[in-house]
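[1] sequence first, predicted coordinates after that:
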Amino acid sequence: MKFFVMAGEVSGDQHAAALVRAIQKQAPNAQFDFCGGAALETVIKKPSLIPLDRLSIMGIFKVIQHWKTVRNNFREVKQHLQSNSFDALILVDYPGFNLRIAQWAKKRGMKVFYYISPTVWAWKESRIKIIESSVDQLYCILPFEQSFYRERGVEVSYFGNPTAAEWRTTEEVNRLNQIALFPGSRKQEIQSLAPVFQALMDRFPSEKFILSCAPGMEEKWLLAHFNHPEISISHKSKTLLKESKAAVLCSGTVSLEAGLANCPQVLVYRLDRFSWMLAKVLVKLKYISLVNLVLGKTEVEEKVGPYWGVNELSESLNRILESKSGTATREKLLAAFGELEPEPQIAADILKRLIA
């Protein structure tokens with residue numbers, strides 16, 4: 001049995017690697033080619049068809065700016081799929097690219113499985129038609145997504161959340177007198193947030209700040225953008241969240257991890273004015289933090305858009321340091337997600353559908 005796995009960013013690469021590992025355990029003779037990063041390379045033991053830094057192009061303007069690279073990425077993946085006989089295509093997150101590949105592959109008779117469903121409930125609901133016609137089975141990781149997709153005619157399953165499953169058995173440790181900074185996993189995010197994060201450190205000279213370096217990110221490049229004498233680097237994000245008394249973090253899975261670690265947090269995301277105006281029209285969300293979305297209330301402070309800076313961020317950080325808000329979030333989240341282990345069940349479901 002031969003699979004092609006497609007993941008285009010760091011978090012998707014890690015989730016894809018966990019799913020591949022589960023398939024290997026249940027079908028030891030399974031073979032894999034892939035696009036992804038270090039996590040998939042480690043578990044599959046071969047290089048990615050396309051390097052992850054060539055795939056991690058996000059946002060309308062970045063895609064336009066690097067359209068030749070995006071076009072070449074599509075061309076290489078399509079040629080590889082045409083030149084080899086795969087039993088199935090496993091797509092992980094990365095919807096801008098993966099949904100186009102799904103359409104192309106389905107027209108050529110391939111089985112298409114999609115793990116970590118696109119957030120069409122937030123925006124681009126028109127993508128549901130693509131999913132319905134091009135994806136054989138969709139696997140969502142947020143509890144409310146299953147009913148949303150089923151009501152719209154999509155074949156979907158919820159087998160739990162991989163992040164919640166990983167943190168369920170994690171024991172809490174004593175907090176250290178330090179504040180964690182998570183500037184993101186993409187270079188464009190980091191470049192946007194670095195100036196305000198550095199200004200924040202200047203506002204809190206008595207505090208110790210630890211900067212998280214995402215997997216695949218070069219420490220030298222990161223430090224070049226955080227040229228601050230009091231900064232330290234950590235490559236162990238989970239340990240950092242467990243040990244820190246607070247975190248300031250870029251939107252993404254790390255917000256959920258901070259909630260599961262009971263680490264008080266402020267979520268931030270920078271947008272220029274045009275992108276913010278566009279988002280206000282297109283995005284149908286009250287929150288962007290996964291913690292707030294899952295719990296359906298403001299559990300985490302959010303600073304999003306172009307109209308916040310170090311003053312607003314400092315006020316939020318002061319509030320969570322004084323109130324220790326967010327220190328009872330873990331149990332609420334675990335109850336919402338349920339006691340499920342997603343990757344082994346998804347692997348079994350994929351293999352069953354291919355054998356049937």
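    Structure's in. What do you need? Residues are numbered from 1 along each chain as shown.
[2] strands of this structure, residue ranges please.
    2-7, 31-35, 88-92, 111-115, 137-140, 156-158, 179-182, 209-212, 231-234, 246-250, 265-270, 301-305 (DSSP state E).
[3] partner strands of the fifth one, with direction?
    Looking back up the chat, that one is strand 137-140. strand 111-115 (parallel), strand 156-158 (parallel) (DSSP bridges).
[4] quick one: mean pLDDT over it.
    On average, the pLDDT along strand 137-140 is 97.
[5] point out where the stretch 151-300 of the chain drops to low pLDDT.
    279, 282 (pLDDT under 70).
[6] repeat that for 80
    Low-confidence segments of the stretch 151-300 of the chain (pLDDT under 80): 172, 216, 227-230, 271-285.
[7] picking up where we left off before, let's have the strands paired with strand 137-140 in a markdown table, adding mean neighbour count and distance to residue 26.
    The C-beta positions use only the backbone N, C-alpha and C, and glycine is treated the same way. Listed next are the strands paired with strand 137-140 as a markdown table, based on neighbours: other Cβ atoms under 10 Å; distance: least, Cβ to Cβ, whole Å:
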| stretch | mean neighbour count | distance to residue 26 |
| --- | --- | --- |
| strand 111-115 | 23 | 15 |
| strand 156-158 | 19 | 17 |
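[8] how about those strands in CSV, adding distance to residue 351?
    Formatted as CSV, those follow (distance: least, Cβ to Cβ, whole Å):
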stretch, distance to residue 351
strand 111-115, 11
strand 156-158, 14
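[9] out of these, nearest to residue 305?
    Closest of those to residue 305 is strand 111-115, at 30.0 Å (criterion: Cβ to Cβ).
[10] neighbouring contacts of that closest one?
    15-16, 19, 87-93, 98, 102, 105-106, 131, 134-139, 346, 350, 353-354 (Cβ atoms under 8 Å, 6 or more residues apart in numbering).
[11] give me the buried subset of these.
    Among those, those buried by neighbour count (16 or more other Cβ atoms under 10 Å) are 15-16, 19, 88-93, 98, 102, 105-106, 131, 134-139, 346, 350.
[12] which residues in the stretch 51-200 of the chain form helices?
    52-55, 60-65, 67-83, 95-107, 127-134, 143-150, 162-168, 187-203 (DSSP state H, counting those that start in this stretch).
[13] buried set for the last one?
    This points to helix 187-203. Buried-residue list, helix 187-203, by 16+ other Cβ under 10 Å: 187, 189-190, 192-194, 196-198, 200-201.
[14] show me what it is packed up against.
    Using 3 or more Cβ pairs under 8 Å, 6 or more residues apart in numbering; DSSP states H and E, the elements in contact with helix 187-203 are helix 219-225, strand 246-250, strand 265-270, helix 310-323.
[15] what's next to it, contact-wise?
    So helix 187-203 is contacted by 58-59, 62, 181, 183-184, 207, 209, 217, 221-222, 225-228, 230-231, 248, 250, 268, 270, 309-310, 313-314, 317 (Cβ under 8 Å, 6+ apart).
[16] between strand 301-305 and it, find me the angle.
    Using axes from the mean of the first three to the mean of the last three Cα atoms, to 10 degrees, the direction of helix 187-203 lies 120 degrees away from that of strand 301-305.
[17] sorry, back to before: of the strands of the chain, which is nearest residue 69?
    Going by Cβ to Cβ, the one of those nearest residue 69 is strand 31-35, 13.2 Å.
[18] I'd say residue 168 and residue 340 touch.
    No. Residue 168 is beyond contact range of residue 340, at 9.6 Å (criterion: Cβ atoms under 8 Å).
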